[in-house]
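Enquirer: Below are the sequence and a predicted model; questions follow.
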Amino acid sequence: MALLRKKSDFVGDTVQLEDVGLRYADGPEIFSNVSISIPQSSFYFLTGPSGAGKTSLLSLMYLAKRPTVGRLKLFGDDVTDAKRNRLPAIRRRLGVVFQDFRLLEHMTAFDNVALPLRIAQVGEATVEKNVTELLKWVGLEDSMQARPSFLSGGQQQRIAIARAVVHRPKLILADEPTGNVDDAIAIRLMQLFVELHKHGTSVILATHNEHLVSRFPFPRLHLKDGTVTAMPPAAQAP
Amino acid sequence: MIAFRSELPLKGETSAGFVVWLVMVLVFMASIAVTTNAYIGALLDHWNQSVTGTLTIQIPVMLDSKDPTSSAMTARVLDVLNRHPAVETAAAVPREKVTELLKPWFGTGEAVADLPLPVLVDVRLSTNDAAAINAVSTSVQTAAPGAVIDDHRAWLNRVIGLAEGLGAIALTTMVLVTIALGLTIVFATRASLAEFSQVIDVLHIVGAKDGYVAGQFARRALIQSMLGGIAGLLAYAPVLAFIAWLASRIEPGILPEISFPASHWIVLGALPIIAGLIATITANVTVRRALSLKV
Ligand SMILES: Nc1ncnc2c1ncn2[C@@H]1O[C@H](COP(=O)(O)OP(=O)(O)OP(=O)(O)O)[C@@H](O)[C@H]1O
Ligand SMILES: [Mg+2]
């Protein structure tokens, strides 16, 4: 029957959750029966009240946690029970901005951003070029050799974003990536994500910032009381 | 380039100094065991060489016999020995030398001059073969019933027994030191795994493989253990020199002068490398195990 999408039609979707539920240890279920399908090259906001489980949902996608129930596919690949040695290759196609940045304190801003490239054994000349360029773009050309702890929260956040996108990931999972910057910088950082999205990268961006959501023509996934509701874009495409 | 970059903070790690210090102590102890082992080996060789292939025959004096100085019997024994194919040389120990040997017990007075002393015959054999030694013994026994033949085996065996006991202690020390080193690295590695769990999480998220993370820990363990090992050797050098000096003050004869074989110095020099290898492998396995339990 042509009208019904078969499960195999989802192959190629960037992220696909089927009846996923998550609980921590013996705690209550954070969410359950979540079924989402994020097509290639899409941009989704992820919203919901604090504690709703946005970070938890994203952490399933960047493979830091496994679903308690249900199945998870990334890039068409079922990774629900993927062996550990398969994960690095999948993770290299992801870019993650953590809500708490997770920058490496003993490294300079430059080295933090260079990390994904160096782990992937990209040549040092390319590393130098790409990292410098990106740090300029996010306005940190003067702080490249600074340690994160000597920088402001907003500057650290920009390093975290640069680290997440420097290796041109297929999927960006950004957890509150503009929480620590003023609106002007937030818009500029959003432009970076939008730009990457236009070039084919899928973006899932968790945020509290209703103002941000309303300014961009992207659909949103709203997480509340353990269920996810898909909502249409708040803004019209310009 | 890549191989020498570390994503783990090198400074400020709690267990780093601890590992270096502990490996230093362990390598110091291992050095003592290595030297002990080499010394015992050399000592045994020395004794073996100086004792094997020789016999001492003691011909008793029988005061009431027709031959109170056993001179006829001695002549017979020497004759038998000198014609035996397994015998290289055979000679009676001169009476003055026997008196000399007995001096500590009897002094040099007139008494000794008149003492009926047994005749000692030193025999050097051309072979170490037990059958040949037995053949010589039998012929001597036939020529001189009552002669006591000492092939020094019994004495040597007891010395060898003692030496082997000491050698076993040295070896046990090596085994214990190895276990201690392994455990040290396991616990130090686990401690830094916990200390750096955030860093490790980030490395994983950006796509690092377990082997990459394990390699970083292994390299640190290698460096720390080599440093500790070299420090242990440096600490051991003056101790060895001091012991050698103490030994040099002992009158010659009590302890044979022994020079260590090249292997002793090579093994000593290799200790930091061996410690480094053990540490590298242990750290690698520990990290891989710990990580394999993660998500
Ligand atoms: N490691 C954990 N162990 C146990 N419970 C956890 C853990 N992490 C999160 N939780 C719980 O899961 C729920 C969802 O947390 P989560 O961080 O995913 O929310 P969030 O939507 O990201 O919130 P915020 O908007 O404040 O970042 C919360 O009730 C929280 O207490
Ligand atoms: Mg969160």
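Expert: Alright, I've got the coordinates. Ligands and ions are numbered 1, 2, ... in the order given.
Enquirer: switch to C-alpha atoms for all contacts and neighbour counts from now on
Expert: Will do.
Enquirer: mind checking which helix or strand the residue in chain A that chain B sits nearest to is in?
Expert: As assessed by CA to the nearest CA, chain B sits closest to A:P88 within chain A, at 4.3 Å. Counting by DSSP states H and E, the element that carries A:P88 is helix A:87-91.
Enquirer: For that helix, output the C-alpha coordinates as CSV.
Expert: Provided in CSV are the C-alpha atoms of helix A:87-91 (Å, rounded to 0.1, in the frame of the first residue of the first chain):
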residue,chain,number,x,y,z
LEU,A,87,30.5,3.7,17.9
PRO,A,88,33.6,5.9,17.1
ALA,A,89,33.0,5.7,13.4
ILE,A,90,29.3,6.8,13.9
ARG,A,91,30.3,9.5,16.4
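Enquirer: where does the stretch 1-150 of chain B dip in pLDDT?
Expert: B:1-5, B:10-14, B:67-68, B:108-113 (pLDDT under 70).
Enquirer: Walking through it, point out its helices one by one.
Expert: B:16-51, B:71-83, B:95-106, B:110-114, B:130-143 (DSSP state H, counting those that start in this stretch).
Enquirer: okay, the ones you listed, which one's buried deepest?
Expert: helix B:16-51 (a mean of 20; mean count of other CA atoms under 10 Å in any protein chain shown).
Enquirer: Dig out what the residue nearest the centre of chain A forms beta bridges with.
Expert: A centroid search over chain A (CA atoms, centre = their mean) returns A:L173, at 0.6 Å, as the residue closest to the centre. Note on A:L173: beta-bridge partners by DSSP bridges are A:V96, A:I204.
Enquirer: residues contacting it?
Expert: When contacts are counted by CA atoms under 8 Å, 6 or more residues apart in numbering or on different chains, A:L173 touches A:L58, A:M61, A:Y62, A:L94, A:G95, A:V96, A:V97, A:V203, A:I204, A:L205.
Enquirer: The first one and ligand 1: what is the separation?
Expert: If I follow you right, that is A:L58. Here the distance between A:L58 and ligand 1 works out to 8 Å (CA to the nearest ligand atom, to the nearest Å).
Enquirer: show me the contacts for the closest residue to A:D13 other than its chain neighbours.
Expert: Once flanking residues are discounted, A:D13 sits nearest to A:P39: 4.4 Å by CA to CA, 6 or more residues apart in numbering or on different chains. Neighbour list for A:P39: A:G12, A:D13, A:T14, A:V15, A:S202 [criterion: CA under 8 Å, 6+ apart].
Enquirer: Just among those, which is most surrounded?
Expert: A:S202 (27 neighbours; other CA atoms under 10 Å in any protein chain shown).
Enquirer: what's the pLDDT at that residue?
Expert: A:S202 is assigned a pLDDT of 95 by the prediction.
Enquirer: Would you enumerate the residues in contact with A:Q155?
Expert: A:L140.
Enquirer: so it is in which element?
Expert: Going by DSSP H and E, A:Q155 is part of helix A:153-165.
Enquirer: Output the contacting helices and strands for the helix holding A:P88.
Expert: The contact analysis (3 or more CA pairs under 8 Å, 6 or more residues apart in numbering or on different chains; DSSP states H and E) places helix A:87-91 against helix B:197-205.
Enquirer: Which positions within the helix it packs on qualify as buried?
Expert: Residues B:V199, B:I200, B:V202, B:L203, B:H204, B:I205 are the ones in helix B:197-205 that count as buried (16 or more other CA atoms under 10 Å in any protein chain shown).
Enquirer: What is the neighbour count of the residue lying closest to the residue of chain A closest to chain B once chain neighbours are set aside?
Expert: The shortest distance from A:P88 to any residue other than its chain neighbours is 4.3 Å, reached at B:G207 (CA to CA, 6+ apart). Look at B:G207: counted by other CA under 10 Å, it has 24 neighbours.
Enquirer: Name the surrounding residues that touch stretch A:189-205.
Expert: Taking CA under 8 Å, 6+ apart as the rule, stretch A:189-205 contacts A:14, A:39-46, A:138, A:158, A:168-178.
Enquirer: so B:V77 sits right up against B:A143, yeah?
Expert: Yes: look at B:V77 against B:A143 with CA atoms under 8 Å: they come within range, at 5.9 Å.
Enquirer: that older thread, of the contacts of A:P39, which one scores lowest on pLDDT?
Expert: For the contacts of A:P39, the pLDDT minimum is A:G12, 68.
Enquirer: residues from the stretch 51-200 of chain B in reach of chain A?
Expert: B:Q198, B:V199 (CA under 8 Å from any CA of the partner chain).
Enquirer: In the stretch 51-200 of chain B, which residue sits nearest ligand 1?
Expert: Residue of the stretch 51-200 of chain B nearest ligand 1, by CA to the nearest ligand atom: B:Q198 (13.4 Å).
Enquirer: can you redo the contacts of A:P39 as CSV with secondary structure and distance to B:I57?
Expert: Converted to CSV, those look like this (DSSP: H, G, I helix; E, B strand; the rest coil; distance: CA to CA, whole Å):
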residue, secondary structure, distance to B:I57
A:G12, coil, 98
A:D13, coil, 99
A:T14, coil, 97
A:V15, strand, 96
A:S202, strand, 100
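Enquirer: which SS class is the residue nearest to A:A230 when sequence neighbours are not counted?
Expert: Setting aside the residues directly before and after it, A:A230 is nearest to A:L221 in space (CA to CA, 6+ apart), at 4.6 Å. With DSSP: H, G, I helix; E, B strand; the rest coil as the basis, A:L221 sits in strand.
Enquirer: for A:L221, what are its contacts?
Expert: So A:L221 contacts A:Y44, A:F45, A:L46, A:T47, A:V228, A:T229, A:A230, A:M231 (CA under 8 Å, 6+ apart).
Enquirer: Chain B contacts on chain A?
Expert: A:62-66, A:84-85, A:87-92, A:94-96, A:102, A:104, A:106, A:115-116, A:118-121.
Enquirer: Try it again at 7 Å.
Expert: By CA under 7 Å from any CA of the partner chain, the residues of chain A that approach chain B are A:A64, A:K65, A:P88, A:A89, A:R91, A:R92, A:R102, A:L104, A:H106, A:P116, A:I119.
Enquirer: Now do the same contact list for A:I161.
Expert: A:V97 (CA atoms under 7 Å, 6 or more residues apart in numbering or on different chains).
Enquirer: Next one: it from ligand 1, what distance?
Expert: 17 Å.
Enquirer: Also A:H106?
Expert: 25 Å.
Enquirer: tell me the secondary structure for that residue?
Expert: coil.
Enquirer: Just give the closest residue to it, not the sequence neighbours.
Expert: Distances taken as CA to CA, 6+ apart place B:P9 nearest to A:H106, at 5.9 Å, with adjacent residues excluded.
Enquirer: how close does A:L74 sit to ligand 1?
Expert: 20 Å.
Enquirer: wait, doesn't that residue sit right on A:Q16?
Expert: Yes: contact criterion CA atoms under 7 Å: A:L74 and A:Q16 qualify, at 6.5 Å.
Enquirer: where along chain A do the helices fall?
Expert: A:54-61, A:87-91, A:109-119, A:124-137, A:153-165, A:183-198, A:210-215 (DSSP state H).
Enquirer: Can you check what angle separates the fifth one from helix B:197-205?
Expert: Here helix A:153-165 runs at an angle of 40 degrees relative to helix B:197-205 (axes from the mean of the first three to the mean of the last three CA atoms, to 10 degrees).
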